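1. Next come a sequence and a model predicted from it.
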Amino acid sequence: MRSVPMLQSTVNADLHAHIREVFPDHLERIRSYMAQPSVSEGNLGVRECAELLSESFLQIGCQEVEIAETPDLPAVWAHLDAGAAQTLAVYGFFDTNIVGTGWTHDPFEGVVTSHPDFPQVLYGRGASNKGGFMAFLNAIEVVQQVRGSLPVNLMFVCEGEEFVGSLHVPQLIERYREPLSRASGMLSPGPCQNAAGAVDLALGNKGCLHIEMRCSGEDWGRGPQGAPTHSSTMGVVDHPVWRLVHALSTLYDPASGNITVPGFLDGLREPTAVDLQLVEDLAARYQNNEAAGVPGIGRADQVPCFVNDATGSEVFSRYCFLPTMNINGIRAGFTGPGTTLWTLPHEARCTIDHRLPPDLDSQTCLERIREHLDAQGYTDIHLEVLMSVGAQSLDLHDDLAQSALGVFADWSVEPMVWPRRGASGPTGYFSQMLGLKVLGSTGLGYASGHSSADEFLVVEGNGRVGGIVELTGSYADLLCSLGVSTSP
C-alpha cells in the first residue's frame, strides 16, 4: 500500500482521489507502452509504437487520429476537440535512444522494483519520454472521467525521430499548419524534478545552427586530390587539414570565449530586467558551486573553472544570453591506434553547433560565417547545414508560465526559474514556423538515464520526488488551470 506522500496538491481533490484509485491501471498502461521497443536508430519497432500510441489517443476520445508518414519514420497526429474556447498544441516523441549495454533489468520488460533512492521505480528504455507522456494522457482521461470534459482542446504532434535529429518536424508542421494555427500555445510534457526533488522551470531554449565545414584538396585546387598521399610528402604538398584548422581559428577566440565573425552578434537581444533578476537568483542558489547548476555539465567536479574564470551571475548570464560556437567533432585522416598509416589526408571535416538566443537568425548567422571565410581567403571551404531550428521564449507573466507556477504553488513547490536554457529542441520549429509560445516539462516526477543503461521512471516517490500519482496529478492540475487562464 502506498504511503501518504509529503508532496501533495491543495486543489482538485476529486481528481487526485480518482488518480489514486486508478493508479494500477495507469501504471500498467505506462508499462505496456514502454514495453514496445521504438528505437529510431535502426528502426526497431517505431511503427508498432506509433500504432500503439494511436490506440491510446483513441482511448482518450480524440476525434482525429492518424499515422503521419514521413520519408523515413512515422509520426502520429491527433486532435481532441473538447468544445472548449481555447486550443493548445502538444509536442511529444515516442522514439528512444539505442539500448546499449550494462542493463541490470530487461529494457523492455517493464520491471517495477525498489531503487536505493526511491521505494519503487519502473525500469525500461523510454521511461523518460514515453513514461512521462503516457502519464499526461492518463491525466487527460482523469479530467474527462471526473469533470465530464477537458477545459481546453488539444492537438498532438508526436514524432518518431527525436533521437535521430527530428528531421521531418518542419514537414509535419506544414502538413498540419491550418489546424495548428488555431492553437494559442504549446505544451511539451515531461517530468521536471531532479533526484533531490528540486524543480526548474525554463522559459525558453536557444535555437541551433548545426553545420559541417569541409576542406578538401579537390575544392582547394591544392594538396592531395581524391586520396591521401604519404606523410613524407608534407614538405612539398599542401595540407587540407592544416588549412581547415587555420580557418577555424579565425572564427572564435578561446581566450575570451567570444565569436570573432564580424556581424554575427548583430541583433542580439539584450536581457530584460526580469531576465537579469532570474540570473541573480540562480547565482545565489548555486553560490560557489556554479558547476552544479549549469545543465549538461554532469558531475560538478568535471569542470574546474569557467571561460574567463567567470563566477556567480556572469556564469549564468553567459549560459542563458550569449550565442555559442561549439566544435563537436573533427574528422581527418587515420584516427585508429598506433602509427600503422602514415598519411597526408586529402580532406578534413568539422561539425559545429551554434546555440543562438532569440533574434539571432540561423540563416543570417550562416551568411556571416560564409562572408567571413571568403574575406579571409577560404572560399573553397564548403559549408553544409545539418540542422537549423529557432529559439523559443516564454514571458514570465504569460498565461502558460503563470499556470505552471500556480500549479507548483498548489503543491508547495518553489521552482528555480531560468530565463532560457542553453540547449535546443524540436519545439523550436513550432515557435519558428507558427509563432507558438511553448511551456516545457512541468510534471512533478523524476526520470533518469535516457542515454544510459537502467533508465527509469519513479513509480512511488520519497516524499520530495513525485511518483506516477503525483506526476499524473500535477498534469491534471495544469490542464484545469490552462482551461481557465489560457488566452490567445
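-> Everything's here; your move.

2. Every contact and neighbour count from this point should use C-alpha atoms.
-> Noted.

3. Show me the helices in the stretch 351-488 of the chain, by range?
-> 362-375, 399-410, 427-434, 468-485 (DSSP state H, counting those that start in this stretch).

4. So for Phe118, which of those sits nearest?
-> Minimum separation from Phe118 across the helices of the stretch 351-488 of the chain (Cα to Cα) falls at helix 468-485, 12.3 Å.

5. re earlier: closest to Leu150 out of the helices of the stretch 351-488 of the chain?
-> helix 468-485 (7.7 Å).

6. List the buried residues of the closest one.
-> Under the neighbour-count criterion of 16 or more other Cα atoms under 10 Å, helix 468-485 has 468-483 buried.

7. same deal with stretch 241-261?
-> 241, 243-244, 247, 251-252, 259, 261.

8. any chance of those in a markdown table, plus pLDDT?
-> Below are those laid out as a markdown table (pLDDT from 0 to 100):
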| residue | pLDDT |
| --- | --- |
| Val241 | 98 |
| Arg243 | 99 |
| Leu244 | 99 |
| Ala247 | 99 |
| Leu251 | 99 |
| Tyr252 | 98 |
| Ile259 | 98 |
| Val261 | 99 |
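
9. so of those, which ones are in helices?
-> Here DSSP state H is the test, and the buried residues of stretch 241-261 give 241, 243-244, 247 as lying in helices.

10. Tabulate these (TSV), appending distance to Thr233.
-> Below are these laid out as TSV (distance: Cα to Cα, whole Å):
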residue	distance to Thr233
Val241	14
Arg243	16
Leu244	19
Ala247	22
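
11. Kindly indicate which of those lies nearest Lys130.
-> Lowest distance from Lys130 to those (Cα to Cα) belongs to Leu244, with 41.7 Å.

12. Would you mind confirming that the closest one is in contact with Glu212?
-> No - with contact defined as Cα atoms under 8 Å, Leu244 does not count as touching Glu212 (11.6 Å).

13. Please identify every residue contacting each of those two.
-> Listed contacts common to Leu244 and Glu212 are Arg349; contacts here mean Cα atoms under 8 Å, 6 or more residues apart in numbering.

14. Let me see the contact set for the closest residue to Asn153 other than its chain neighbours.
-> Leaving aside its sequence neighbours, Asn153 sits nearest to Thr87 (Cα to Cα, 6 or more residues apart in numbering; 4.4 Å). Each residue near Thr87 by Cα under 8 Å, 6+ apart is listed here: 152-155, 182-185.

15. same thing with Gln402?
-> Leu396.

16. next one: Asp359
-> 267-269.

17. Just the pLDDT for it.
-> You'll see Asp359 listed with a pLDDT of 92.

18. Would you mind listing the buried residues in stretch 117-124?
-> Neighbour counts over stretch 117-124 (16+ other Cα under 10 Å) mark 118-124 as buried.

19. among these, which are in strands?
-> 118-123 (DSSP state E).

20. quick revisit: now render the helices of the stretch 351-488 of the chain as TSV, adding distance to Glu280 and mean pLDDT.
-> Formatted as TSV, these follow (distance: least, Cα to Cα, whole Å; pLDDT from 0 to 100):
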stretch	distance to Glu280	mean pLDDT
helix 362-375	29	98
helix 399-410	19	98
helix 427-434	26	97
helix 468-485	28	94
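
21. Out of those, which is closest to Ser40?
-> helix 427-434 (18.6 Å).

22. tell me what the closest one is packed against?
-> helix 169-175, strand 382-389, strand 392-393 (3 or more Cα pairs under 8 Å, 6 or more residues apart in numbering; DSSP states H and E).

23. Asp478 contacts Val407, correct?
-> Careful, residue 478 is Leu and not Asp. Yes - judged on Cα under 8 Å, Leu478 makes contact with Val407 at a distance of 6.2 Å.

24. ok so, going back, which of the buried residues of helix 468-485 sits closest to Gly110?
-> Ile468 (14.3 Å).

25. how close does the residue nearest to the closest one when sequence neighbours are not counted sit to Val245?
-> Sequence neighbours aside, Val459 is the residue nearest to Ile468 in space, at 5.0 Å (criterion: Cα to Cα, 6+ apart). Distance of Val459 to Val245, given as Cα to Cα, to the nearest Å: 50 Å.

26. what residues are up against Val389?
-> 207-209, 362, 424-426, 428-429, 432.

27. That one bridge partners, please.
-> Cys208 (DSSP bridges).

28. now the helices and strands packed on helix 427-434 as TSV including mean pLDDT and distance to Arg464?
-> Below are those laid out as TSV (pLDDT from 0 to 100; distance: least, Cα to Cα, whole Å):
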stretch	mean pLDDT	distance to Arg464
helix 169-175	99	36
strand 382-389	97	35
strand 392-393	94	29
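
29. got JSON lines for those, with distance to Glu109 too?
-> Listed next are the helices and strands packed on helix 427-434 as JSON lines, based on distance: least, Cα to Cα, whole Å:
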{"stretch": "helix 169-175", "distance to Glu109": "30"}
{"stretch": "strand 382-389", "distance to Glu109": "35"}
{"stretch": "strand 392-393", "distance to Glu109": "37"}
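
30. Which among the contacts of Asp359 count as buried?
-> Buried subset of the contacts of Asp359 (neighbour count, 16+ other Cα under 10 Å): Leu268.
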